[in-house]
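Trainee: I would like to see how this sequence folds:
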Amino acid sequence: MKIAIIGLGLIGGSMAKSIKENTSHTVLGFDSNDSILKKAQLLASIDAPLTDSLLAECELVIIALYPQDAIDFVTAKQKIFKKGSIVLDCCGVKQRICETLDTISTENGFVFIGGHPMAGLEHSGFDHSVPTLFHDASMILTPTKGNIQDVEKVVKLFTSIGFTNIQVATPEEHDQMIAYTSQLAHVVSSAYIKSPAAMKHNGFSAGSYKDLTRVAKLNENMWTELFIDNADFAVDNDTEIFCPVCCKSDDFREWKKAFNNPLGFFETEHLCDACGGEMLPQMVKSHSYQKCETCGHTSDYKGE
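Mentor: Below you'll find the model as predicted:
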């Protein structure tokens, strides 16, 4: 069958490479970055660039974009999708996506299935995509409409490219569990490396330090959107564990305010020596420092 993959980053690129390596399906790719699209074609990760006319022929469309971009793409192309085709997203939140796209799919005669491949790296982008990314991984599906044959079709594809566990859940169940197993793990990792002691870890750290800090090197644009979209569940998980690490409030629900400004997780009262503006902690790789949001002046992170 013809499969369209929208977004050739880490997940989309790995999907394309894996499908090409393990199946006989035709893979058509789209990416907003034309150089990535050309590279994918030169490396035979896709058979051809996707056009609207080719999109109308695809039986399966896999969308590997940020949540709002996924909604925008489906909204823009809703009249083009082949009747009876399956559109599946790979976003890390499901309620917002499914609520919007279920309606659009019903109105336009295609099937929408929410999806979330539980695989990734601390790096992003096509250059880090690999055909083995999904080996022994779980794929979460959140179908709300359609029939069992539609689900069976995508299950067959995903098991053929390495997934060994297919988890079916409601969008709400997905978001509630992912808040605990993924999102809060990223919050704790990001909070942990804000300690002033992190600046002195060389020579004193080994596997446990690397394990706990690995996901702090995250894609801040994508994770900002994921945190905001799933704020209700994220702030309802195990407050007694996270409050002592990340904030001084006894009520972890105060973090709802921070989800409107993720840098607010680590706001301090330090003022800029140069202009008196507020200094906010920053992190680049393993380097923690403060930057004035008014004048841009930087200094070593002082903690709280």
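Trainee: And for residue 160, the neighbour number?
Mentor: A count of nearby residues for residue 160, using other Cβ atoms under 10 Å, gives 13. From N, CA and C alone the C-beta is placed, and that goes for glycine too.
Trainee: How about the one 5 residues further on?
Mentor: Burial measure for residue 165: 12 neighbouring residues, criterion other Cβ under 10 Å.
Trainee: Can you list phi and psi of it for me?
Mentor: With angles defined as degrees, to the nearest 10, residue 165 sits at phi -140, psi 120.
Trainee: Tell me who's in contact with the closest residue to it other than its chain neighbours.
Mentor: In space, and not counting its chain neighbours, residue 165 is closest to residue 138: 4.2 Å by Cβ to Cβ, 6 or more residues apart in numbering. When contacts are counted by Cβ atoms under 8 Å, 6 or more residues apart in numbering, residue 138 touches 117, 118, 163, 164, 165, 166, 167.
Trainee: can you do 10 Å?
Mentor: With contact taken as Cβ atoms under 10 Å, 6 or more residues apart in numbering, residue 138 is in contact with 116, 117, 118, 119, 158, 163, 164, 165, 166, 167.
Trainee: From residue 114, how far out is the nearest residue to the third one once chain neighbours are set aside?
Mentor: The shortest distance from residue 118 to any residue that is not its chain neighbour, by Cβ to Cβ, 6+ apart, is 4.2 Å, and that residue is residue 138. Distance of residue 138 to residue 114, computed by Cβ to Cβ, to the nearest Å: 14 Å.
Trainee: now residue 20
Mentor: Taken as Cβ to Cβ, the span from residue 20 to residue 114 is 24 Å.
Trainee: Which one's more surrounded, those two?
Mentor: Higher neighbour count among residue 20 and residue 114: residue 114, with 24 against 21, using other Cβ under 10 Å.
Trainee: Does the closest residue in space to that one that isn't next to it in sequence lie in a helix or a strand, and which?
Mentor: Distances taken as Cβ to Cβ, 6+ apart place residue 142 nearest to residue 114, at 3.6 Å, with adjacent residues excluded. Assigned by DSSP states H and E, residue 142 belongs to strand 138-143.
Trainee: can you give me the offset of that strand from its chain's centre?
Mentor: Offset of strand 138-143 from its chain centre (Cα atoms, centre = their mean, to the nearest Å): 15 Å.
Trainee: partner strands of it, parallel or antiparallel?
Mentor: Taking DSSP bridges as the criterion, strand 138-143 forms sheet pairs with strand 111-118 (antiparallel), strand 165-168 (parallel).
Trainee: List the buried residues of that strand.
Mentor: Within strand 138-143, the residues scored as buried using 16 or more other Cβ atoms under 10 Å are 139, 140, 141, 142, 143.
Trainee: pLDDT on that strand, on average?
Mentor: For strand 138-143, mean pLDDT is 96.
Trainee: Taking strand 138-143 as reference, get the angle to whichever helix or strand comes after it.
Mentor: Per DSSP H and E, the first helix or strand lying C-terminal to strand 138-143 is helix 148-160. Counting by axes from the mean of the first three to the mean of the last three Cα atoms, to 10 degrees, helix 148-160 points 170 degrees away from the direction of strand 138-143.
Trainee: Outline the domain layout of this protein.
Mentor: What the record gives for the chain is the domain set 2-169, 174-265, 267-304, from automatic domain parsing.
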